[in-house]
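Visitor: just need the structure, nothing else, for what follows:
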Amino acid sequence: MDVIVCILWIAMILYIGFDTNAVYSYLKRLPTLNFITHVVDYEKEQSSRNWQMSYSLYMQINHGGFLVTLLTCRYCIGAWLAIIASAVVKDYEWMPLIFFGAQLAYTGFRALDRYLMEAGDQDVG
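Guide: A predicted model of the protein is given here:
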C-alpha cells in the first residue's frame, strides 16, 4: 500500500510541476529570488514577443545548466523522487516499480485532464 501511495504522490508532484502554472505562480510571489528564478525576465520576454512559452522551457533555453536541466526534466525529477520514496518504504528494490508506476500514473493524469478539458469545451459550444 505504501508503494501505491508513493507512486500517486510522485505522479501528482510531476503533474503539478509540469502541467500547471503552480511553480511559476509561487516563484512569482518570491521577488527576492529573481536572481535565481528569472521570473521578471521571463515575463518581459513573454510580453515583448507575444508568445506562450512555458516557464520551464524558457529556463532550459535561456538559463540552462545542470540544476535547471535536472529540475525541468520529468524523468530526472521522477527518478530522484522514486529514490526518496524507496527510502521511505525502506526497500530500494521497489524503486523501479515506483519510478515507472509514477510515470504511468502521470501519463494517465495528463490523459484524464485532456479528456475532461475537451468534454468541457464540447459542453460550452
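Visitor: tell me which element the closest residue to D19 other than its chain neighbours is part of?
Guide: Residue nearest to D19 in three dimensions, not counting chain neighbours: R110, with 6.2 Å by C-beta to C-beta, 6 or more residues apart in numbering. (Each C-beta comes from the backbone N, C-alpha and C, glycine too.) Element membership of R110, judged by DSSP states H and E, is helix 95-124.
Visitor: got the buried residues for that helix?
Guide: Of the residues in helix 95-124, those buried under the neighbour-count criterion (16 or more other C-beta atoms under 10 Å) are M95, I98, F99, G101, A102, Q103, A105, Y106, F109.
Visitor: what's the closest non-adjacent residue to the third one?
Guide: Across the structure, with C-beta to C-beta, 6+ apart as the measure, the residue nearest F99 apart from its sequence neighbours is A82 (3.8 Å).
Visitor: for whatever helix or strand that neighbour lives in, packing partners?
Guide: Under the assignment given by DSSP H and E, the secondary-structure element containing A82 is helix 74-88. Packing contacts for helix 74-88, counted by 3 or more C-beta pairs under 8 Å, 6 or more residues apart in numbering; DSSP states H and E, involve helix 2-19, helix 66-71, helix 95-124.
Visitor: buried ones in it?
Guide: For helix 74-88, by 16+ other C-beta under 10 Å, it's R74, I77, G78, A79, L81, A82, A85, S86.
Visitor: report the contact partners of the third one.
Guide: Spelled out, that is G78. In this structure, G78 makes contact with I10, L14, F99, A102, Q103, Y106, judged by C-beta atoms under 8 Å, 6 or more residues apart in numbering.
Visitor: tabulate these (TSV), appending pLDDT and distance to M1.
Guide: Putting the contacts of G78 into TSV (pLDDT from 0 to 100; distance: C-beta to C-beta, whole Å) gives the following:
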residue	pLDDT	distance to M1
I10	96	15
L14	94	21
F99	95	18
A102	96	16
Q103	96	20
Y106	95	20
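Visitor: so can I have a markdown table of those showing distance to V23?
Guide: Compiled in a markdown table, the contacts of G78 are given as follows (distance: C-beta to C-beta, whole Å):
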| residue | distance to V23 |
| --- | --- |
| I10 | 16 |
| L14 | 11 |
| F99 | 21 |
| A102 | 18 |
| Q103 | 19 |
| Y106 | 15 |
